[in-house]
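Asker: can you look at this prediction? I've put the sequence above it.
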Amino acid sequence: MIIYISLLIIPAVAKTVTTKLQGYKNAIVKNKNYENKGSRMNQGSKSGLGEKFLQRRYGVRLGRRYVVAAASVILMGVLSCSQFNKNDSATAQSSLPPSEFSPSKTTSSVDEKLVLANTKFGFKLFSEILKEDKEKNIFVSPSSVGMALTMTYNGASGNTQIAMAKALELEGISLGDIGRAIATLKSSMVNPDPKVQLAIANSLWANKNITLKPEFLQQTRQYYDAEVSNLDFQDNKSVNVINQWVNKNTQGKIEKIIDKISPDQALFLINAIYFKGKWQTEFDKNQTKMKPFYLASGKSKEHSMMSQKGKYKYYENENFQAISLPYGDNGRMSLYVFLPTKNSNLKIFNQNLNAENWQKWMQEFNSREGFIQLPKFQLDYEIQLNKALKALGMNIAFTDKADFSNMGKKLAISEVKHKTFVEVNEEGTEAAGATSVGVVTLSAPSEQPFRMVVDRPFFTAIRDNQTGSLLFMGYIVEPK
């Protein structure tokens, strides 16, 4: 493609050079005629000769510049093509859509494949969670769950590895590529804006009596930047040590992730994620009023509703309205709110909530003037993910047939526990998530200003617009 573009540009440059030089030739001829006429009139002969010399020299110089420019285009095309061909054979092309931000220089197609895999896994997991908590507020961190499970997947082998790869949408991506992509994404997302704080931390806590493979521990440190520690699991203080790490890395929003340690517990792989972002344009507290919020049951409750007018990334179709509310100075991260229309609901919305549609929707957002009314809310959420992950095909990882031989001997997953916190107010959003994987020893837009009143159950997500990573997502059926 780059060679083709270069071949198109070069003739254009050459034509420009030829045109310019012909122009200077005509000017010189014209000047010569003028000088001959002047000589006959015996006026300005010296001036004519000087002007002729200057025009010739200027024409030669500018002609050289155009030739150098043409050569530069050729050189750039060749070098770019060489680099493109070199990279093209190393990684597969991604099907991610263009985001609101251009990918960073460090983002490769493998990174994009990992983001796409995490997005697919996140929506699949969310769909399974909905089967358990149908009428409740739900708020989960696909990034936290995905990273904790991917650390665990790093130690899987045989049929267990195959089952986890399918569930996590990691088929066709090598362990090395996954690790490098996670390291790149993690470093690119941390603290992306002066007004946005994002911290991602990983840890591995092993029973002091358990021997784990050095290669597994090295990869956990190298790719996941994980803190690796040995503890005496028979000591009751070990529970507090692990929970204090979670509390610290979620800024006190999640105080604990484990309640006790069973006698057969071998290790815990834990991810913690903390997010705090100030709106790009804060809501005026004086505009926050008590307004009705209509529940799925048909009843209503008075609730604090924020409101604001402005220009936003917005999208609507026959089923929902959607808005992107940016954080910080550069708006790299946003809160997305999807509000089903009054003749629809979250149950119908969920039937279309998948990675493929999500990518299509992300491409449809356009800047629009409008009005947004949004409820303030705060919630804590907790769930054990064993049932959901088994439904996604990971059942073998929880049984005595589990194969984590790349991690250690005779190991299986006992519990995957997930906790989150979120608060949305006039200043911005604060959210945290923690995931613990316990491993045991076996035995069409309108141009008119929009009006979006979020006064009924809605879907929300916090997204990194540059990488496309989904940090959090949830259903708010009753704001509190």
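Answerer: Done, it's in.

Asker: so P479 is in which element?
Answerer: Assigned by DSSP states H and E, P479 falls within no helix or strand.

Asker: how close does the closest residue to it other than its chain neighbours sit to T399?
Answerer: Distances taken as CB to CB, 6 or more residues apart in numbering put F377 closest to P479, at 3.6 Å, once the chain neighbours are dropped. All C-beta atoms are positioned from the backbone trio N, CA, C, and that covers glycine. With the distance defined as CB to CB, to the nearest Å, F377 ends up 39 Å from T399.

Asker: again with F283
Answerer: On the measure of CB to CB, F283 and T399 end up 50 Å apart.

Asker: higher neighbour count, those two?
Answerer: A side-by-side neighbour count of F283 and T399, using other CB atoms under 10 Å, places F283 first with 22 against 12.

Asker: for that one, give me its contacts.
Answerer: F283 makes contact with 306-308, 374, 425-426 under the criterion CB atoms under 8 Å, 6 or more residues apart in numbering.

Asker: tell me the first helix or strand C-terminal of the lowest-mean-pLDDT helix or strand in the chain.
Answerer: Lowest by mean pLDDT, DSSP states H and E among the helices and strands of the chain is helix 45-88, with a mean of 38. The helix or strand immediately downstream of helix 45-88 is helix 109-132, counting by DSSP H and E.

Asker: partners of the next helix-or-strand element following that following helix in the sheet?
Answerer: Using DSSP H and E, the helix or strand that follows helix 109-132 in sequence is strand 138-140. Strand pairing for strand 138-140, determined by DSSP bridges: strand 470-476 (antiparallel).

Asker: name the residues of the strand it pairs with that are buried.
Answerer: Neighbour-count burial for strand 470-476, counted by 16 or more other CB atoms under 10 Å, picks out 470-476.

Asker: repeat for stretch 396-409
Answerer: 396-398, 402-408.

Asker: how about stretch 214-233?
Answerer: For stretch 214-233, a neighbour-count test (16+ other CB under 10 Å) marks 216-217, 219-220, 223-224, 226, 228-229, 231, 233 as buried.

Asker: outside of that stretch, which residues touch it?
Answerer: So stretch 214-233 is contacted by 147, 151, 154-155, 175, 178-180, 182-183, 186, 201-208, 238, 241-242, 245, 261, 265, 269, 406-408 (CB under 8 Å, 6+ apart).

Asker: kindly check the end-to-end length of that stretch for me.
Answerer: 21 Å (CA to CA, to the nearest Å).

Asker: for that stretch, give the mean pLDDT please.
Answerer: For stretch 214-233, mean pLDDT is 95.

Asker: chain center to it, what's the gap?
Answerer: Chain-centre distance of stretch 214-233: 25 Å, with CA atoms, centre = their mean, to the nearest Å.

Asker: buried set for the helix or strand where S188 lies?
Answerer: For S188, the element it lies in under DSSP H and E is helix 175-189. Using 16+ other CB under 10 Å as the burial criterion, the residues of helix 175-189 that qualify are 175, 177-182, 184-186, 188-189.

Asker: and the residues you listed as JSON lines, adding distance to Q321 and pLDDT?
Answerer: Output for the buried residues of helix 175-189, formatted as JSON lines (distance: CB to CB, whole Å; pLDDT from 0 to 100):
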{"residue": "L175", "distance to Q321": "42", "pLDDT": "91"}
{"residue": "D177", "distance to Q321": "38", "pLDDT": "92"}
{"residue": "I178", "distance to Q321": "36", "pLDDT": "93"}
{"residue": "G179", "distance to Q321": "40", "pLDDT": "92"}
{"residue": "R180", "distance to Q321": "39", "pLDDT": "92"}
{"residue": "A181", "distance to Q321": "34", "pLDDT": "92"}
{"residue": "I182", "distance to Q321": "34", "pLDDT": "92"}
{"residue": "T184", "distance to Q321": "35", "pLDDT": "89"}
{"residue": "L185", "distance to Q321": "30", "pLDDT": "88"}
{"residue": "K186", "distance to Q321": "33", "pLDDT": "87"}
{"residue": "S188", "distance to Q321": "31", "pLDDT": "84"}
{"residue": "M189", "distance to Q321": "28", "pLDDT": "84"}
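
Asker: among these, which one lies nearest to A322?
Answerer: Distance to A322 across those (CB to CB) is lowest for M189, with 22.7 Å.

Asker: pretty sure the closest one is touching N465, no?
Answerer: No. In this structure M189 lies outside contact range of N465 using CB atoms under 8 Å: 10.9 Å.

Asker: where does pLDDT dip in the stretch 301-450 of the chain?
Answerer: For the stretch 301-450 of the chain, applying pLDDT under 70 flags the ranges 444-447.

Asker: what about stretch 328-338, start to end distance?
Answerer: 21 Å.
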